[in-house]
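Q: the amino acid sequence is not available; the structure is as follows:
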């Protein structure tokens, strides 16, 4: 299943997103109307009633998952390598802050310099194909950041995007209806849980109310570390101990 994946040439990643404005009232009139339209689409999708007065509440709860209404505040990455004793170590780093264009540009520079050949390098994440990668690409377009070759996916056939390794897709084994969280897989496959003092539903509050980007980055890096552990499990390799996970 994953025998062909070269861990030394794989960049592990995860993103954290928030709604683009602190609340619905901060949106322009145009975007308020567009968000109301989105709410009605969500109501039809999930067969639930959504009145206009609920738009403000839904903005806080849901806007962050849509690249048109949200923004990226953290991209955490991880790289596996051998230390001087030959022990496998993952080094974690985060591009984080309220300047989305800068963190996207810095991340793009990393890809261009070290991971820009899809024939030899991989990008790996949990649900990376349906969320992280499309979100990053869309926000790069919004911020006018040039797409690195590794993210230039428009019109590509499935066999041309083999450098995108999705640990959720690997677990599905063809079952497209099934979603399994990293936390559940950590419990099932017996590796350390990525759970932190916050979860995805609290990221927006921590960002807009506390301004604590460092706390969010630490949470995001735990997800990256868990993704590394998951791929190691898929490959039948020992999981990393705490001292083998380094944040830089």
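A: Received the coordinates, thanks. The structure displayed is predicted, hence computed values, not measured ones.
Q: what about the strands in the protein?
A: Using DSSP state E, the strands found in the chain span residues 10-19, 70-82, 88-96, 122-125, 164-166, 245-247.
Q: how about those in TSV, adding mean neighbour count, mean pLDDT and distance to residue 217?
A: C-beta: built from backbone N, CA, C; applies to glycine. Formatted as TSV, the entries for these read as follows, by neighbours: other CB atoms under 10 Å; pLDDT from 0 to 100; distance: least, CB to CB, whole Å:
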stretch	mean neighbour count	mean pLDDT	distance to residue 217
strand 10-19	24	98	8
strand 70-82	21	97	5
strand 88-96	20	97	4
strand 122-125	24	97	16
strand 164-166	20	96	23
strand 245-247	16	95	9
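Q: and the contacts of stretch 234-246?
A: Contact partners of stretch 234-246, identified using CB atoms under 8 Å, 6 or more residues apart in numbering, comprise 1-3, 5, 7, 87-92, 167, 170, 191-192, 225, 228-229, 232-233.
Q: now the longest helix along the chain, how far from the chain's geometric center?
A: Secondary structure of the chain per DSSP state H: the longest helix is helix 213-234. Once both centres are worked out by CA atoms, centre = their mean, to the nearest Å, helix 213-234 turns out to sit 10 Å from its chain's centre.
Q: what does stretch 163-175 give?
A: On CA atoms, centre = their mean, the centre of stretch 163-175 falls 15 Å from the chain's centre.
Q: stretch 169-176 now?
A: With CA atoms, centre = their mean, you get 18 Å for stretch 169-176.
Q: just the buried positions in the helix or strand of the chain with the lowest mean pLDDT, please.
A: With mean pLDDT, DSSP states H and E as the measure, the helix or strand of the chain carrying the lowest mean pLDDT is helix 29-46 (a mean of 86). Judged by neighbour count (16 or more other CB atoms under 10 Å), helix 29-46 contains these buried residues: 31-32, 35-36, 38-39.
Q: no further questions, thank you.
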